[in-house]
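Chemist: Sequence first, predicted model second:
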Amino acid sequence: MPARSATNSGRFLSLGVTPDYLKLRNLPVERGRTVSRDDVREGRRVAVLGSSVRKQL
């Protein structure tokens, strides 16, 4: 999926996940937050970036 910041862009793998995904995979969140049940219920367009994508963008 294409993604961009103010200065960079790229194409990255994207996954549709549930709010429990990071907990089940035992993946920590360094900054920000995970996808919430409210995000899913309200159909919000949100993304959780991995550290390598964050660095590239």
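Modeler: Now that the structure is in, tell me what you want to look at.
Chemist: mind checking how far the nearest residue to Asp39 once chain neighbours are set aside is from Ala3?
Modeler: Computed as Cβ to Cβ, 6 or more residues apart in numbering, the closest residue to Asp39 that is not its neighbour in sequence is Val46, at 5.0 Å. All C-beta atoms are positioned from the backbone trio N, CA, C, and that covers glycine. In this structure, Val46 lies at 13 Å from Ala3, with Cβ to Cβ, to the nearest Å as the measure.
Chemist: the more surrounded of the two?
Modeler: Applying other Cβ atoms under 10 Å to Val46 and Ala3 shows that Ala3 carries more neighbours, namely 15 against 12.
Chemist: Which residue, other than its chain neighbours, is closest to the more buried one?
Modeler: For Ala3, ignoring the flanking residues on the chain, the nearest one in space by Cβ to Cβ, 6+ apart is Phe12 at 5.6 Å.
Chemist: Now for Ser14: which residues touch it?
Modeler: Contacts for Ser14 (Cβ atoms under 8 Å, 6 or more residues apart in numbering) come out as 1, 47.
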